[in-house]
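**Student:** Okay, sequence plus prediction incoming.
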Number of protein chains: 2
Amino acid sequence: MITYTYEHFLNDLELLTRQCQSFKADTILAIARGGVTLGHALAMSLNIRNLQSIRAESYDGMKQREGVSILGSCDLSASKRVLIVDDIVDSGKTLHALLGELQAKHPEIVFKTATLFTKQTALVQPDFSLHEATDWIDFFWERDYLQHLKNLKH
Amino acid sequence: MITYTYEHFLNDLELLTRQCQSFKADTILAIARGGVTLGHALAMSLNIRNLQSIRAESYDGMKQREGVSILGSCDLSASKRVLIVDDIVDSGKTLHALLGELQAKHPEIVFKTATLFTKQTALVQPDFSLHEATDWIDFFWERDYLQHLKNLKH
């Protein structure tokens, strides 16, 4: 297991910002929940005021079939170049479904994707990513943000 | 100036989570950009999957008049109890405008508001808040997330 700390994140933020700068995005669309802290961070580091979020949830359908529901909504009427941000691309199903839906709805917008971690086997490879996900990653937003919930219960 | 660190934030997250728990929100609506990291954190600590964001921007209108534009969009069709989250309530104009618009549009939804800091002079006082804002607050998401941007330029 990789313990992904806030300090690790700040280092990665610099590296990912470097990668994403050339795209000159005007909008950050963070995938909730996992991509939201990173989306905020990239919106600050890339100086992008138009920060929005969208939800995507996997569901189990019939045997051997799984789907993805896109929930929430975003307003891309003022957007031309949208950077979709998530913490990790695992199976890639979420990103694949979301990209398909957004591109169909907004053919005039250029979409690119950025993540911290990506699995080699993912259905979609993001345009910008830092690390191959070879192990379970314990992100600080799944550890630190919950740490205090544990305290509450005792 | 108050230097608001990540460690400070984690302590506050526990305190704010305690305050907000009784509301039993089913949705977190974070105000971008400043409220987004906190929104993610509260969504985790309160175990709320429905995390969304909305944008609000102040604009200067005619002399002595200022307004607030609500930008972006959210989908509250599955929501009954929405916790609106921001880092700080300063003048309160943003929160006032957003609350007015959301309550008019969704009279059946109960909205409550949570922030880390609040000015005593604010137009709206949030339902849940931790600190009175008596000085400029240098939030880590306005410092750490940008620190590395400065490195990029050198």
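**Tutor:** Structure's in. What do you need? Since the structure is predicted, the reported quantities are computational estimates derived from the model, not experimental observations. Numbering: from 1, shown residues only, chains lettered A, B, ... in the order given.

**Student:** Give me the contacts around stretch A:89-99.
**Tutor:** Contacts with stretch A:89-99, where a contact means Cβ atoms under 8 Å, 6 or more residues apart in numbering or on different chains, come from A:31, A:54, A:56, A:58, A:66-68, A:70, A:84, A:86, A:111, A:113, A:115, A:117-119, A:121-126, A:129, A:133. (Each C-beta comes from the backbone N, C-alpha and C, glycine too.)

**Student:** Can you say which of those residues are buried?
**Tutor:** A:31, A:54, A:56, A:68, A:70, A:84, A:86, A:111, A:113, A:115, A:117-118, A:122, A:124, A:126, A:129, A:133 (16 or more other Cβ atoms under 10 Å in any protein chain shown).

**Student:** so how far is residue B:97 from residue A:87?
**Tutor:** 32 Å (Cβ to Cβ, to the nearest Å).

**Student:** which residue sits closest to residue A:9, ignoring its sequence neighbours?
**Tutor:** residue A:140 (6.5 Å; Cβ to Cβ, 6 or more residues apart in numbering or on different chains).

**Student:** So the one you found sits against residue A:6, correct?
**Tutor:** Yes: Residue A:140 lies in contact with residue A:6 (Cβ atoms under 8 Å); the separation is 5.0 Å.

**Student:** so where's chain A uncertain?
**Tutor:** A:60-66, A:148-154 (pLDDT under 70).

**Student:** Go again with 80.
**Tutor:** Low-confidence segments of chain A, defined by pLDDT under 80: A:57-67, A:147-154.

**Student:** all helices of it, in order?
**Tutor:** Remark: helices assigned in chain A by DSSP state H are A:6-21, A:36-45, A:93-105, A:140-153.

**Student:** Any buried residues in the third one, and which?
**Tutor:** Residues A:93, A:94, A:95, A:97, A:98, A:99, A:102 are the ones in helix A:93-105 that count as buried (16+ other Cβ under 10 Å).

**Student:** can you tell me how far the most centrally placed residue in chain A sits from chain B?
**Tutor:** For chain A, the residue nearest the mean C-alpha position is residue A:86 (0.8 Å; Cα atoms, centre = their mean). Going from residue A:86 to chain B by Cβ to the nearest Cβ, to the nearest Å gives 13 Å.

**Student:** same thing with residue A:139?
**Tutor:** 10 Å.

**Student:** Check the burial of that residue by counting its neighbours.
**Tutor:** 22 (other Cβ atoms under 10 Å in any protein chain shown).

**Student:** Same question for the one 5 residues further on.
**Tutor:** Residue neighbour count, defined by other Cβ under 10 Å, stands at 19 for residue A:144.

**Student:** Make sure it is actually in contact with residue A:4.
**Tutor:** No: if you go by Cβ under 8 Å, residue A:144 and residue A:4 don't touch, sitting 10.3 Å apart.

**Student:** So residue A:19 sits against residue A:114, correct?
**Tutor:** Yes: under the criterion of Cβ under 8 Å, residue A:19 makes contact with residue A:114 at 7.3 Å.

**Student:** if we can go back for a sec, ok, and the closest non-adjacent residue to the residue nearest to the centre of chain A?
**Tutor:** Closest to residue A:86 by Cβ to Cβ, 6+ apart is residue A:35, at 3.8 Å.

**Student:** residues in contact with the one you found?
**Tutor:** A:53, A:85, A:86, A:87, A:115.

**Student:** can we see that at 7 Å?
**Tutor:** For residue A:35, the contact set (Cβ atoms under 7 Å, 6 or more residues apart in numbering or on different chains) comprises A:85, A:86, A:87.

**Student:** Give me the subset of the residues you listed lying in strands.
**Tutor:** Of those, the ones assigned to strands by DSSP state E are A:85, A:86, A:87.

**Student:** which residues sit in contact with the second one?
**Tutor:** With contacts taken as Cβ under 7 Å, 6+ apart, residue A:86 has the following neighbours: A:31, A:34, A:35, A:95, A:115.

**Student:** please redo it, this time with the cut-off set to 6 Å
**Tutor:** Counting by Cβ atoms under 6 Å, 6 or more residues apart in numbering or on different chains, residue A:86 touches A:31, A:35, A:115.

**Student:** Which of the residues you listed sits closest to chain B?
**Tutor:** Nearest to chain B, judged by Cβ to the nearest Cβ, of the contacts of residue A:86 is residue A:35 at 9.0 Å.

**Student:** give me phi/psi at that closest one?
**Tutor:** The phi/psi pair for residue A:35 (degrees, to the nearest 10) reads phi -90, psi 0.
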